[in-house]
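Participant: give me a model of this one.
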Amino acid sequence: MTKKSRWSFNFSTASLVLIPAAVGINYIGKFFAGALKLPLWLDSIGTVLASMLAGPVIGALSGAINNIIYGLTADPISLVYAITSVAIGITVGILAYKGWMDSWPKALFSGIIVALVSAVVSTPLNIKFWGGQTGNFWGDSVFAFLIANKYPVLIASFVDEILVDIPDKIATILVSYAIFRGLPNKLTLVYKNESEIEKL
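Facilitator: The predicted structure follows:
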(Lines give C-alpha, C1' and ligand atoms only; values in the text may rest on other atoms or scores of the structure.)
Protein backbone atom coordinates (compact mmCIF):
# COMPACT_ATOMS: atom_id res chain seq x y z
CA MET A 1 0.00 0.00 0.00
CA THR A 2 1.32 3.42 -0.90
CA LYS A 3 1.93 5.61 2.10
CA LYS A 4 0.12 8.93 2.27
CA SER A 5 1.81 12.20 3.05
CA ARG A 6 0.66 13.90 6.23
CA TRP A 7 0.45 17.08 4.18
CA SER A 8 -2.12 15.44 1.93
CA PHE A 9 -5.85 16.19 2.05
CA ASN A 10 -6.61 12.57 1.08
CA PHE A 11 -7.55 11.54 4.61
CA SER A 12 -7.57 8.02 5.99
CA THR A 13 -10.38 6.61 8.14
CA ALA A 14 -8.14 6.79 11.25
CA SER A 15 -7.41 10.47 10.61
CA LEU A 16 -11.08 11.31 10.10
CA VAL A 17 -11.98 9.58 13.35
CA LEU A 18 -9.24 11.52 15.15
CA ILE A 19 -10.65 14.95 14.23
CA PRO A 20 -13.90 14.80 16.29
CA ALA A 21 -12.00 13.26 19.21
CA ALA A 22 -9.48 16.12 19.12
CA VAL A 23 -12.26 18.70 18.81
CA GLY A 24 -13.99 17.22 21.85
CA ILE A 25 -10.79 17.38 23.92
CA ASN A 26 -10.25 21.02 22.88
CA TYR A 27 -13.85 21.97 23.66
CA ILE A 28 -13.80 20.40 27.13
CA GLY A 29 -10.44 21.98 27.98
CA LYS A 30 -11.56 25.47 26.94
CA PHE A 31 -14.90 25.18 28.71
CA PHE A 32 -13.19 23.93 31.89
CA ALA A 33 -10.64 26.79 31.86
CA GLY A 34 -13.34 29.39 31.20
CA ALA A 35 -15.69 28.09 33.89
CA LEU A 36 -12.93 28.13 36.50
CA LYS A 37 -11.48 31.44 35.22
CA LEU A 38 -8.03 29.92 34.99
CA PRO A 39 -5.11 32.02 33.66
CA LEU A 40 -4.97 29.52 30.77
CA TRP A 41 -7.07 28.57 27.76
CA LEU A 42 -6.39 24.80 27.57
CA ASP A 43 -8.10 24.74 24.17
CA SER A 44 -5.33 23.14 22.09
CA ILE A 45 -4.60 19.78 23.72
CA GLY A 46 -6.62 17.94 21.08
CA THR A 47 -5.00 19.98 18.30
CA VAL A 48 -1.52 19.11 19.56
CA LEU A 49 -2.33 15.41 19.93
CA ALA A 50 -3.83 15.28 16.45
CA SER A 51 -0.75 16.97 14.98
CA MET A 52 1.59 14.59 16.80
CA LEU A 53 -0.35 11.53 15.65
CA ALA A 54 -1.52 12.41 12.15
CA GLY A 55 0.42 15.48 11.07
CA PRO A 56 -0.10 19.23 10.65
CA VAL A 57 -3.12 19.14 8.34
CA ILE A 58 -5.24 17.03 10.68
CA GLY A 59 -4.07 19.08 13.67
CA ALA A 60 -4.87 22.36 11.93
CA LEU A 61 -8.33 21.14 10.92
CA SER A 62 -9.06 19.91 14.44
CA GLY A 63 -8.14 23.28 15.90
CA ALA A 64 -10.09 25.32 13.37
CA ILE A 65 -13.22 23.16 13.66
CA ASN A 66 -13.09 23.45 17.43
CA ASN A 67 -12.95 27.24 17.25
CA ILE A 68 -15.91 27.30 14.90
CA ILE A 69 -18.03 24.95 17.03
CA TYR A 70 -17.11 26.68 20.29
CA GLY A 71 -17.75 30.06 18.72
CA LEU A 72 -21.21 29.05 17.56
CA THR A 73 -22.22 27.34 20.80
CA ALA A 74 -20.46 29.07 23.68
CA ASP A 75 -18.33 32.11 22.88
CA PRO A 76 -18.45 34.00 19.54
CA ILE A 77 -14.98 35.44 20.22
CA SER A 78 -13.56 31.98 19.57
CA LEU A 79 -14.45 32.18 15.87
CA VAL A 80 -11.84 34.85 15.21
CA TYR A 81 -9.02 32.66 16.50
CA ALA A 82 -9.51 29.71 14.15
CA ILE A 83 -6.47 31.04 12.28
CA THR A 84 -4.41 30.82 15.48
CA SER A 85 -5.45 27.19 15.92
CA VAL A 86 -4.41 26.45 12.35
CA ALA A 87 -0.99 27.99 13.05
CA ILE A 88 -0.64 25.89 16.22
CA GLY A 89 -1.54 22.68 14.40
CA ILE A 90 0.95 23.33 11.62
CA THR A 91 3.71 24.36 14.03
CA VAL A 92 3.30 21.27 16.22
CA GLY A 93 3.16 19.01 13.17
CA ILE A 94 6.47 20.41 11.91
CA LEU A 95 8.10 20.24 15.36
CA ALA A 96 6.99 16.62 15.77
CA TYR A 97 8.44 15.76 12.36
CA LYS A 98 11.73 17.43 13.29
CA GLY A 99 11.97 15.34 16.47
CA TRP A 100 11.01 18.02 18.99
CA MET A 101 8.25 15.93 20.54
CA ASP A 102 10.22 12.88 21.65
CA SER A 103 11.50 13.92 25.09
CA TRP A 104 10.35 16.07 28.01
CA PRO A 105 13.01 18.82 27.56
CA LYS A 106 12.25 19.06 23.84
CA ALA A 107 8.52 19.16 24.52
CA LEU A 108 9.07 22.00 26.99
CA PHE A 109 11.06 23.97 24.42
CA SER A 110 8.41 23.23 21.79
CA GLY A 111 5.81 24.72 24.13
CA ILE A 112 7.72 28.01 24.13
CA ILE A 113 7.94 28.01 20.33
CA VAL A 114 4.22 27.31 19.97
CA ALA A 115 3.46 30.10 22.47
CA LEU A 116 5.46 32.60 20.42
CA VAL A 117 3.74 31.55 17.19
CA SER A 118 0.35 31.81 18.87
CA ALA A 119 1.13 35.27 20.28
CA VAL A 120 2.41 36.60 16.95
CA VAL A 121 -0.71 35.40 15.12
CA SER A 122 -3.20 36.40 17.83
CA THR A 123 -1.92 39.89 18.70
CA PRO A 124 -3.08 41.58 15.45
CA LEU A 125 -6.46 39.87 15.86
CA ASN A 126 -6.71 41.13 19.44
CA ILE A 127 -5.98 44.67 18.30
CA LYS A 128 -8.36 44.58 15.34
CA PHE A 129 -11.35 43.05 17.08
CA TRP A 130 -10.96 43.73 20.82
CA GLY A 131 -8.80 46.83 21.13
CA GLY A 132 -5.78 44.73 22.06
CA GLN A 133 -7.23 42.64 24.88
CA THR A 134 -7.36 38.84 24.97
CA GLY A 135 -10.52 38.25 26.99
CA ASN A 136 -8.45 36.50 29.66
CA PHE A 137 -8.80 38.29 32.99
CA TRP A 138 -5.15 37.80 33.99
CA GLY A 139 -3.64 38.99 30.73
CA ASP A 140 -6.08 41.87 30.37
CA SER A 141 -5.15 43.14 33.82
CA VAL A 142 -1.56 43.51 32.63
CA PHE A 143 -2.81 45.12 29.41
CA ALA A 144 -4.75 47.73 31.39
CA PHE A 145 -1.70 48.46 33.53
CA LEU A 146 0.55 48.95 30.49
CA ILE A 147 -1.97 51.17 28.69
CA ALA A 148 -2.39 53.25 31.85
CA ASN A 149 1.37 53.73 31.82
CA LYS A 150 1.35 54.95 28.20
CA TYR A 151 2.79 51.85 26.51
CA PRO A 152 1.81 51.43 22.82
CA VAL A 153 -1.21 49.21 22.19
CA LEU A 154 0.89 46.78 20.12
CA ILE A 155 3.33 46.16 22.98
CA ALA A 156 0.60 46.01 25.63
CA SER A 157 -1.43 43.59 23.53
CA PHE A 158 1.55 41.33 22.80
CA VAL A 159 2.52 41.23 26.48
CA ASP A 160 -1.10 40.48 27.38
CA GLU A 161 -1.12 37.58 24.91
CA ILE A 162 2.31 36.13 25.62
CA LEU A 163 1.84 36.16 29.40
CA VAL A 164 -1.08 33.78 28.98
CA ASP A 165 0.30 31.90 25.97
CA ILE A 166 3.61 30.87 27.59
CA PRO A 167 2.13 28.93 30.54
CA ASP A 168 -0.87 27.79 28.50
CA LYS A 169 1.10 26.35 25.59
CA ILE A 170 3.78 24.81 27.80
CA ALA A 171 1.07 23.10 29.86
CA THR A 172 -0.76 22.07 26.69
CA ILE A 173 2.33 20.55 25.07
CA LEU A 174 3.43 18.73 28.22
CA VAL A 175 -0.03 17.31 28.88
CA SER A 176 -0.34 16.27 25.24
CA TYR A 177 3.09 14.68 25.29
CA ALA A 178 2.22 12.76 28.45
CA ILE A 179 -0.99 11.47 26.84
CA PHE A 180 0.89 10.59 23.65
CA ARG A 181 3.49 8.60 25.57
CA GLY A 182 0.71 6.73 27.35
CA LEU A 183 -1.10 5.69 24.17
CA PRO A 184 -0.87 2.03 23.14
CA ASN A 185 1.80 1.32 20.53
CA LYS A 186 -0.83 -0.28 18.31
CA LEU A 187 -2.65 3.05 18.10
CA THR A 188 0.37 5.22 17.33
CA LEU A 189 1.62 2.69 14.77
CA VAL A 190 -1.66 3.03 12.87
CA TYR A 191 -0.75 6.62 12.02
CA LYS A 192 2.94 5.92 11.48
CA ASN A 193 2.23 3.12 9.02
CA GLU A 194 -0.41 4.88 6.98
CA SER A 195 1.20 8.31 6.60
CA GLU A 196 4.62 9.71 5.87
CA ILE A 197 5.51 13.40 6.17
CA GLU A 198 7.31 14.69 3.12
CA LYS A 199 10.51 16.58 3.77
CA LEU A 200 10.01 20.33 3.76
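Participant: show me what contacts K106?
Facilitator: G99, W100 (CB atoms under 8 Å, 6 or more residues apart in numbering). For the C-beta atoms, the positions are set from N, CA and C on the backbone; glycine is no exception.
Participant: just the pLDDT at it, thanks.
Facilitator: pLDDT, K106: 97.
Participant: how near is it to W138?
Facilitator: 28 Å (CB to CB, to the nearest Å).
Participant: from I179, how far out is W104?
Facilitator: 13 Å.
Participant: have a look at these two and say which one is more surrounded.
Facilitator: Neighbours per residue (other CB atoms under 10 Å) separate W104 from I179, with I179 holding more: 15 against 11.
Participant: could I get the buried residue list for the helix or strand containing the more buried one?
Facilitator: Using DSSP states H and E, I179 falls within helix 153-182. Buried residues in helix 153-182, counted by 16 or more other CB atoms under 10 Å: 153, 156-166, 168-177, 180.
Participant: now stretch 37-54: how far from the chain's centre is it?
Facilitator: 5 Å (CA atoms, centre = their mean, to the nearest Å).
Participant: whoops, stretch 33-50 was the one
Facilitator: Worked out by CA atoms, centre = their mean, stretch 33-50 lies 9 Å from the chain centre.
Participant: average pLDDT across it?
Facilitator: Here the average pLDDT along stretch 33-50 is 90.
Participant: gap between the two ends of that stretch?
Facilitator: The straight-line separation of the ends of stretch 33-50 (CA to CA, to the nearest Å) is 20 Å.
Participant: and the residue nearest to I166 when sequence neighbours are not counted, what element?
Facilitator: In this structure, I166 finds its nearest non-sequential neighbour in A115, 4.7 Å apart by CB to CB, 6 or more residues apart in numbering. Element membership for A115 (DSSP H and E) is helix 104-130.
Participant: and for A33?
Facilitator: Using DSSP H and E, A33 falls in helix 13-35.
Participant: for that helix, packing partners?
Facilitator: If you count contacts as 3 or more CB pairs under 8 Å, 6 or more residues apart in numbering; DSSP states H and E, helix 13-35 packs onto helix 45-54, helix 56-73, helix 185-194.
Participant: what's in contact with it?
Facilitator: 38, 40-47, 49-50, 53-54, 58-59, 61-63, 65-66, 69-70, 74-75, 78, 190-191, 194-195.
Participant: low-confidence ranges, this structure, go.
Facilitator: 1-10, 193-200 (pLDDT under 70).
Participant: tell me the centre residue of it?
Facilitator: S44 (3.7 Å; CA atoms, centre = their mean).
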